[in-house]
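J.: I'll drop the sequence and a predicted model, then ask my questions.
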Amino acid sequence: MSMITIGAIGMVAFIILLLLRTPIALAMAIIGLVGGFYINGVYGTMFVMGRLPFTSVFSYTLSVIPLFVLMGALALHTGMSRNLYDAGYALFGHWRGGLSIATIAACAGFGAICGSSLATTATMGRISISEMRARGYDQAFSGATVAAGGTLGVLIPPSIILVLYAILTGESIGQLFVAAMIPGLIAITLYMIAIAVVARVAPELAQRGPRLSMGARGRMIISAWPVFVVFGLVLGGMFAGWFSPTEAAAVGVLGVAAIALLRGRLTREAIKQSAYETASLTGMIFLILIAATMFNSFIEATQITQILVNWVDALGLSPWQITLAIIIFYLALGALMDSISMIFLTVPFVFPIALASGFDPVWFGILLLSVVEIGLITPPVGMNLFVVKLQMPEVPLRKLYGAVMPFIAADMVRIGLVAGFPILSLYLVNMMFG
């Protein structure tokens, strides 16, 4: 058989395994091993696979992942997320739909020290859903707000998805973080506009809260100072060149731990829970990374990636047509797969096409992040919706699907802006690194 045929059979077998609900890491590892045995023989494959798992995860750069995860976990278990929500309520709670807007603001703040969408969704859900329920908010709309706000955990730097993209493509983590700033602010603004529109069109879904005194509002806003300090320390220090992204993550962990210790919240239970969550999420990411490396080794041997690039080039598509095709591809895939798996599975195929089409790799990373993020709230998978559903078992999933549509519409507007105006992603990068 030709290499193209072998590669095609491998891809079909991979899809079949996914349809059989095989975990994606296991599916990629199986195809990588079996395909490798067929192409290179037993001894050649054993030689490659004997060193591949180690070489795929031993890089110093990868240490940024558990550090950012640990920073977010410590912030969660030492009460910083509650302070963020209080600050958001102080600013927006008296508006119609103000609690939903406050939830978006709090999600953005927590995302700035977490980097994980699922963690942001779970954290803010514990705090905000009960508050919105007590004030008469529609339950499905409340859940949809939390699910959508949770996507900011991967969009607002630091972002685990951007770190993974940087590792897979060799791009600068710092430049990607800078490039995500303006699109992240646009996402926050569009979500808030979507809530304001829904609250005006259907006021029964979102009530107006009482206006607090200036003193009370000031105290609640000031209570969120630890998040601003950590965010400024991590990103400000990185942008100023004081330390690398990995060092910035370590400084962030120390900053969160020091603040929690000063406030008397760094308990043994908080440390235990943070360590467990960090080990669990990091282990999952590294397992997928090892399996993806095995799978990509097989794909590279069949030269499917180069064949795909040549095929796209032969079609003579314009950059706009290629961009639109990539966006549609990821929107469809996002309805079936989680964001981390999507990045590991598709970047080795899609990134060469982007380079061959003349796309700026930093801008493409932000566009990819924006589209992948929508998959977190897109039916039928929508991982963030499932996280919310666990906290709201009485709300049918179909109602959550309906309630999240205004936020998906806001995301589509943002994708159009990011795709149509690359300067939104590259302005700060050119200013700081150009």
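T.: Great, that's in hand.
J.: hey, let's count contacts and neighbours off CA atoms from now on
T.: OK.
J.: How is this protein partitioned into domains?
T.: 1-58+285-302, 59-266+303-433 (automatic domain parsing).
J.: Out of those domains, the one nearest residue 275 is which?
T.: Smallest distance to residue 275 across the domains of the chain (CA to CA): 7.0 Å, for domain 59-266+303-433.
J.: And the average pLDDT for the closest one is what?
T.: Model confidence over domain 59-266+303-433, given as mean pLDDT, is 84.
J.: count of neighbours near the residue lying closest to residue 299 once chain neighbours are set aside?
T.: Sequence neighbours aside, residue 7 is the residue nearest to residue 299 in space, at 6.5 Å (criterion: CA to CA, 6 or more residues apart in numbering). Number of residues near residue 7 (other CA atoms under 10 Å) recorded here: 21.
J.: Next, the contact list for residue 7, please.
T.: 298-299, 302, 304 (CA atoms under 8 Å, 6 or more residues apart in numbering).
J.: circling back to that earlier point, could you export the domains of the chain to CSV, including columns for distance to residue 273?
T.: Below are the domains of the chain laid out as CSV (distance: least, CA to CA, whole Å):
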stretch, distance to residue 273
domain 1-58+285-302, 18
domain 59-266+303-433, 7
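J.: can you tell which of these is closest to residue 276?
T.: The nearest among these, by CA to CA, is domain 59-266+303-433 at 9.3 Å.
J.: got the end-to-end distance for that closest one?
T.: 25 Å (CA to CA, to the nearest Å).
J.: Equivalent analysis for stretch 327-347, please.
T.: First-to-last residue span, stretch 327-347, CA to CA: 13 Å.
J.: residue ranges of the strands in the stretch 201-350 of the chain, please?
T.: For the stretch 201-350 of the chain, strands defined by DSSP state E, counting those that start in this stretch do not occur.
J.: Give me the distance between residue 204 and residue 397.
T.: In terms of CA to CA, residue 204 sits 20 Å off from residue 397.
J.: and residue 170, backbone torsions?
T.: For residue 170, the backbone dihedrals (degrees, to the nearest 10) come out as phi 80, psi 10.
J.: Can you report how many residues lie near it?
T.: Counted with other CA under 10 Å, residue 170 comes out at 10.
J.: what helix or strand is the residue nearest to residue 299 on?
T.: Element membership of residue 7, judged by DSSP states H and E, is helix 3-19.
J.: and the helix or strand just after that helix, what does it pack onto?
T.: For helix 3-19, the following helix or strand on the C-terminal side (DSSP H and E) is helix 24-57. Applying 3 or more CA pairs under 8 Å, 6 or more residues apart in numbering; DSSP states H and E, we find helix 24-57 packed against helix 3-19, helix 268-302.
J.: Let me have these in JSON lines, extended by distance to residue 413.
T.: Formatted as JSON lines, those follow (distance: least, CA to CA, whole Å):
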{"stretch": "helix 3-19", "distance to residue 413": "31"}
{"stretch": "helix 268-302", "distance to residue 413": "30"}
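J.: Could you single out the most deeply buried of those?
T.: Highest mean neighbour count of those: helix 268-302, a mean of 19 (counted as mean count of other CA atoms under 10 Å).
J.: Now do that helix and helix 3-19, the angle between them.
T.: 150 degrees (axes from the mean of the first three to the mean of the last three CA atoms, to 10 degrees).
J.: helices and strands around helix 268-302, which ones?
T.: Helix 268-302 packs on helix 3-19, helix 24-57, helix 64-77, helix 339-356, going by 3+ CA pairs under 8 Å, 6+ apart.
J.: ok, 10 Å please
T.: helix 3-19, helix 24-57, helix 64-77, helix 160-169, helix 304-315, helix 339-356 (3 or more CA pairs under 10 Å, 6 or more residues apart in numbering; DSSP states H and E).
J.: Residue 118 is nearest to which of these?
T.: helix 339-356 (10.4 Å).
J.: re the thing from before, any chance of the contacts of residue 7 in a markdown table, plus distance to residue 262?
T.: Shown next, in a markdown table, are the contacts of residue 7 (distance: CA to CA, whole Å):
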| residue | distance to residue 262 |
| --- | --- |
| 298 | 51 |
| 299 | 52 |
| 302 | 57 |
| 304 | 55 |
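J.: what's the most distant pair in those residues?
T.: So, the contacts of residue 7 by CA to CA: farthest apart are 298 and 304, at 9.6 Å.
J.: residues shared between the contacts of these two?
T.: Common contact partners of residue 298 and residue 304 (CA atoms under 10 Å, 6 or more residues apart in numbering): 6-7.
J.: one step back: so which of the helices and strands packed on helix 24-57 is nearest residue 248?
T.: That would be, of the helices and strands packed on helix 24-57 and by CA to CA, helix 268-302, which comes in at 17.2 Å.
J.: and the angle for that closest one with helix 304-315?
T.: In terms of direction (the same axes, to 10 degrees), helix 268-302 departs from helix 304-315 by 70 degrees.
J.: circling back to that earlier point, okay, residue 204 and residue 397: which has more neighbours?
T.: residue 397 (18 against 13).
J.: quick one: contacts for the more buried one?
T.: Contacts of residue 397 (CA under 10 Å, 6+ apart): 140, 379-380, 385-386, 388-389, 403.
J.: can you give me the helices in the stretch 101-250 of the chain?
T.: In the stretch 101-250 of the chain, the helices defined using DSSP state H, counting those that start in this stretch lie at 117-134, 139-150, 152-155, 160-169, 173-179, 181-201, 214-222, 225-231, 237-239, 245-262.
J.: Can you add mean neighbour count and give those helices back as a markdown table?
T.: Listed next are those as a markdown table, based on neighbours: other CA atoms under 10 Å:
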| stretch | mean neighbour count |
| --- | --- |
| helix 117-134 | 21 |
| helix 139-150 | 29 |
| helix 152-155 | 30 |
| helix 160-169 | 21 |
| helix 173-179 | 23 |
| helix 181-201 | 19 |
| helix 214-222 | 14 |
| helix 225-231 | 19 |
| helix 237-239 | 19 |
| helix 245-262 | 20 |
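J.: Need these in JSON lines (columns: distance to residue 59).
T.: Shown next, in JSON lines, are these (distance: least, CA to CA, whole Å):
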{"stretch": "helix 117-134", "distance to residue 59": "24"}
{"stretch": "helix 139-150", "distance to residue 59": "29"}
{"stretch": "helix 152-155", "distance to residue 59": "22"}
{"stretch": "helix 160-169", "distance to residue 59": "9"}
{"stretch": "helix 173-179", "distance to residue 59": "14"}
{"stretch": "helix 181-201", "distance to residue 59": "27"}
{"stretch": "helix 214-222", "distance to residue 59": "39"}
{"stretch": "helix 225-231", "distance to residue 59": "25"}
{"stretch": "helix 237-239", "distance to residue 59": "20"}
{"stretch": "helix 245-262", "distance to residue 59": "12"}
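J.: For residue 279, find the nearest of the domains of the chain.
T.: domain 59-266+303-433 (7.5 Å).
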